[in-house]
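A.B. asks: Structural data only, the sequence is not supplied:
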């Protein structure tokens, strides 16, 4: 839940930064330039102030601290370790790369749709979805993207990270497969509902993966391990839009009407999610040989 709340801010920041940037550029614009440079300077100073305040108030709890009334579970949850794995040792485990694939495919499917949501809704429902309505649709997707980061991450606390990703992939396959049908049937309401759920799971996957890493590799190096894992998001940030854009262009060039140009893409996304489902299924607990020895942890850190 905590990571969901933090990453929810990442998703919702655009709702503040975008209009703020436009307003600042209007303030600093002149007949010779649009004010981008001064806008970035002001934004940088504002961000620096907030980050300094945050760094001043964040504290590491004392050893052994527990919330009042908290009772640890009698038996540890499955796939939740109480040991730590050194960051570079984690990279040698199959679990890291399976989670890498899981995140990459989940983000590929979601971010590709997010980037083309406005055009897609207008082209699949010509005459029914105006440019203004499509902009509202994108805004609604952003809200569900942000809310999903909190909802799904919190849900994973109760049903487990692996089961949460099973839901993402299984439900995602169904929803992506239904989108072409709803588009052909002209059912705008169900089309919108499908993408709202899809985008909530895209945000939820991004917010749940830090906890997944913590469960698999412990708390000590989860930040550094997460930094390596985010390369999956970077790859997906290129792969998703490229798949949607290029396949759409190819379909249109082949004579397919714009209203049906996204159908093949939706089925490809569904197939990618099947691969993600399999990768998630293969994730098991990390072998004991990868765990750090608490007595020699400092020596290991020094060598690294």
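C.D. replies: Yep, it's here. Given the structure is predicted, the values throughout are model-derived calculations rather than measurements.

A.B. asks: Any regions of the stretch 51-200 of the chain where pLDDT drops low?
C.D. replies: Along the stretch 51-200 of the chain, segments meeting pLDDT under 70 span 74-76.

A.B. asks: ugh, typo on my part, it should be the stretch 201-304 of the chain
C.D. replies: In the stretch 201-304 of the chain (pLDDT under 70), the answer is 294-304.

A.B. asks: can you give me the helices in it?
C.D. replies: Here the stretch 201-304 of the chain has its helices, by DSSP state H, counting those that start in this stretch, at 222-229, 231-253, 263-281, 297-303.

A.B. asks: so which of these is the most packed in?
C.D. replies: Per residue and on average, the most neighbours among the helices of the stretch 201-304 of the chain fall to helix 263-281, with a mean of 20 (mean count of other C-beta atoms under 10 Å). Where C-beta positions appear, they are placed from N, C-alpha and C, glycine not excepted.

A.B. asks: between that one and helix 231-253, how many degrees?
C.D. replies: If you take axes from the mean of the first three to the mean of the last three C-alpha atoms, to 10 degrees, helix 263-281 sits at 160 degrees to helix 231-253.

A.B. asks: Centre of the chain to helix 263-281, how far?
C.D. replies: 16 Å (C-alpha atoms, centre = their mean, to the nearest Å).

A.B. asks: Also stretch 174-191?
C.D. replies: With C-alpha atoms, centre = their mean, you get 23 Å for stretch 174-191.

A.B. asks: got the contact list for it?
C.D. replies: For stretch 174-191, contacts defined as C-beta atoms under 8 Å, 6 or more residues apart in numbering pick out 109, 121, 124-125, 128-129, 194-195, 197-198, 259-260, 262-263, 266-267, 269-270, 273.

A.B. asks: and if you look at stretch 51-70?
C.D. replies: With contact meaning C-beta under 8 Å, 6+ apart, stretch 51-70 is reached by residue 72.

A.B. asks: What are the buried residues along that stretch?
C.D. replies: Buried residues in stretch 51-70, counting neighbours by 16 or more other C-beta atoms under 10 Å, are absent.

A.B. asks: Need the distance between the two termini of that stretch.
C.D. replies: With C-alpha to C-alpha, to the nearest Å applied, stretch 51-70 spans 31 Å between its terminal residues.

A.B. asks: Centre of the chain to that stretch, how far?
C.D. replies: Taking C-alpha atoms, centre = their mean, one finds stretch 51-70 lying 26 Å from the centre of the chain it belongs to.

A.B. asks: And for stretch 66-81?
C.D. replies: 27 Å.

A.B. asks: Start and end of it, how far apart?
C.D. replies: By C-alpha to C-alpha, the extent of stretch 66-81 from end to end equals 18 Å.

A.B. asks: With stretch 53-62 instead?
C.D. replies: With C-alpha to C-alpha as the measure, stretch 53-62 spans 21 Å from end to end.

A.B. asks: again with stretch 254-270
C.D. replies: First-to-last residue span, stretch 254-270, C-alpha to C-alpha: 22 Å.

A.B. asks: gap between that stretch and the chain center?
C.D. replies: Taking C-alpha atoms, centre = their mean, one finds the center of stretch 254-270 at 24 Å from the center of the full chain.

A.B. asks: what's next to that stretch, contact-wise?
C.D. replies: Counting by C-beta under 8 Å, 6+ apart, 108-109, 112-113, 116, 120, 123-126, 172-173, 176-177, 179-180, 183-184, 243-244, 247-248, 251-252 sit against stretch 254-270.

A.B. asks: List only those of those flagged as buried.
C.D. replies: Buried subset of the contacts of stretch 254-270 (neighbour count, 16+ other C-beta under 10 Å): 108-109, 112-113, 116, 120, 123-125, 172-173, 176-177, 179-180, 183, 243-244, 247-248, 251.

A.B. asks: Okay then, goodbye and thanks.
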